[in-house]
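J.: Let's see this in three dimensions:
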Amino acid sequence: MDLITNFMNLVAPPTALITLFLFVPPFYFFKLFLSFLASLFPEDITHKVVLITGASSGIGEQLAYQYAKKGAALALVARREASLREVADRAQDLGSPNVLVIRADVGKPDDCRRFVEETISHFGRLDHLVNNAGIANICYFEEASDITNFTQVMDINFWGSVYPTYYALPHLKRTGGKILVNASAAGWSPMPRMSFYNASNAALINFYETLRIELGREVGVTIATPGWIASEMTKGKHLSKHGRMEVDQELRDAQISLFPVVHTEECAKAMMDAACRGDRTVTVPAWFRVLYLWRVFAPEVFDWCYRMLYVTSPGAHHGESPSKKLVDMTGAKEFLYPSSIKSPEIKNE
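T.: Modelled structure (predicted):
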């Protein structure tokens, strides 16, 4: 056994490189051709039923509007019912023939079972499940006053997508439906101060990559990995080191730094279009995928850049981080951040 292992250690790497060199160019040409065909004949979602979690604000809200413009019927889920109803009214104005509002917490399995059942009871079918709900934390791991405060990050970001998927899957199989999951680029771009958020999104990516293999062609799976998108999160809303939800725009500036923030509508449209084409993944903005290449091929350089820009000495204020100083010195947020995130006001209901 040791002899075989040693032989494979010696032979496998060069064999893999040669195989990839020969296989990848024609394979990607074939994928490009299929992508072109899919863009010409995307799925018609008129009168199809789309269930969206986290639909009261941000990307989820804009996804509701994008699907509404295509004539889809909507089931909108979030904890803030009044905000959901405002979104539902606008979605109907934009063209959705029927909008169902369901107040629920995706971190609770019983709530997830209920809102899937209510969707089926109301519409009789389900075509797209959009798992979008999520929350972020911002603090160094060692600064957390009580680590159990952050279980809710995994409960909402990971289990809040897995639970609805579990209950919706039988219905999606009947319609040959699709799952669109918002996993965030944080799943492969480990931003300092966001360890729990990064971990929950990495878990999402791996879970849905595995589920795609298990399901084959029965249900499509599209994994979205957005970068910095205009939302309540990029307004500065996050769980603090004490596990309390707060809005801190100075800390937000330190986290985003000189990254341009994409308009929410642009992100939502790209995500919906990718799901309708049947794409495996979509990253918004597209250039953000360059970071993934650095992460894979030069991880030491990737880590060093993040440490240099974001990591401060223990106990130092986040205003001392080089990333925050760069933002203040250049005034970059005036033209890199949309006006919608410059105010700290968020929806409270």
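J.: Residue 234 belongs to a helix, doesn't it?
T.: No: Residue 234 is assigned coil when assessed by DSSP: H, G, I helix; E, B strand; the rest coil, not a helix.
J.: Just give me the neighbour total for it.
T.: 23 (other Cβ atoms under 10 Å). For every residue, glycine as well, the C-beta is placed using N, CA and C.
J.: Next, the contact list for it, please.
T.: 228, 252, 256, 261, 337, 341 (Cβ atoms under 8 Å, 6 or more residues apart in numbering).
J.: My read is that the last one contacts residue 237, right?
T.: No: using Cβ atoms under 8 Å, residue 341 and residue 237 do not qualify as a contacting pair, with a distance of 10.1 Å.
J.: Residue 87 versus the residue nearest the centre of the chain, what's the distance?
T.: Central residue of the chain (Cα atoms, centre = their mean): residue 182, 2.6 Å from the mean position. Taking Cβ to Cβ, to the nearest Å as the measure, residue 182 falls 16 Å from residue 87.
J.: Same question for residue 226.
T.: In terms of Cβ to Cβ, residue 226 sits 19 Å off from residue 87.
J.: Same check on residue 162?
T.: 24 Å.
J.: Count residues in the vicinity of the residue lying closest to residue 313 once chain neighbours are set aside, would you?
T.: Excluding its sequence neighbours, the residue lying closest to residue 313 (Cβ to Cβ, 6 or more residues apart in numbering) is residue 320, at 7.9 Å. With neighbours defined by other Cβ under 10 Å, the count for residue 320 comes to 12.
J.: quick one, strands of the chain?
T.: For the chain, the strands defined by DSSP state E occupy 49-53, 73-78, 99-103, 128-131, 178-182, 220-224, 237-239, 245-247, 281-282.
J.: Which strands or helices does the shortest one pack on?
T.: With contacts defined as 3 or more Cβ pairs under 8 Å, 6 or more residues apart in numbering; DSSP states H and E, the secondary structure elements packing on strand 281-282 are strand 220-224, helix 264-277.
J.: strands paired with it, and their directions?
T.: strand 220-224 (parallel) (DSSP bridges).
J.: Could you do the longest one as well?
T.: Based on DSSP bridges, the pairing partners of strand 73-78 within the sheet are strand 49-53 (parallel), strand 99-103 (parallel).
J.: same check, this time on the fourth one
T.: Pairing partners of strand 128-131, with direction, according to DSSP bridges: strand 49-53 (parallel), strand 178-182 (parallel).
J.: what does that strand contact?
T.: Under Cβ under 8 Å, 6+ apart, the answer for strand 128-131 is 45, 48-53, 60, 63, 67, 72, 160-161, 164-165, 168, 172, 177-182, 275.
J.: Quick check: the closest residue to residue 96 other than its chain neighbours vs residue 35, distance?
T.: The shortest distance from residue 96 to any non-neighbouring residue, by Cβ to Cβ, 6+ apart, is to residue 68 (3.8 Å). Counting by Cβ to Cβ, the gap from residue 68 to residue 35 is 26 Å.
J.: between these two, which one's more packed in?
T.: Shown here are residue 68 and residue 35; by other Cβ under 10 Å, residue 68 has more neighbours (23 against 14).
J.: pLDDT wise, what is residue 315 at?
T.: pLDDT for residue 315: 72.
J.: For it, grab the count of nearby residues.
T.: 8.
J.: ditto for residue 217
T.: Residue 217: 7 neighbours (other Cβ under 10 Å).
J.: and what of residue 301?
T.: 11.
J.: you'd agree it is up against residue 294?
T.: Yes: counting by Cβ under 8 Å, residue 301 touches residue 294, with 6.5 Å between them.
J.: mind showing which ranges of the stretch 201-349 of the chain have poor pLDDT?
T.: For the stretch 201-349 of the chain, residues meeting the criterion pLDDT under 70 lie at 314, 348-349.
J.: Just the helices from it, written as ranges.
T.: With helices called from DSSP state H, counting those that start in this stretch, the stretch 201-349 of the chain shows them at 249-256, 264-277, 289-297, 299-310, 322-330, 333-336.
J.: Pipe those into a markdown table and attach distance to residue 103 per row.
T.: As requested, these are exported to a markdown table (distance: least, Cβ to Cβ, whole Å):
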| stretch | distance to residue 103 |
| --- | --- |
| helix 249-256 | 28 |
| helix 264-277 | 22 |
| helix 289-297 | 36 |
| helix 299-310 | 37 |
| helix 322-330 | 37 |
| helix 333-336 | 35 |
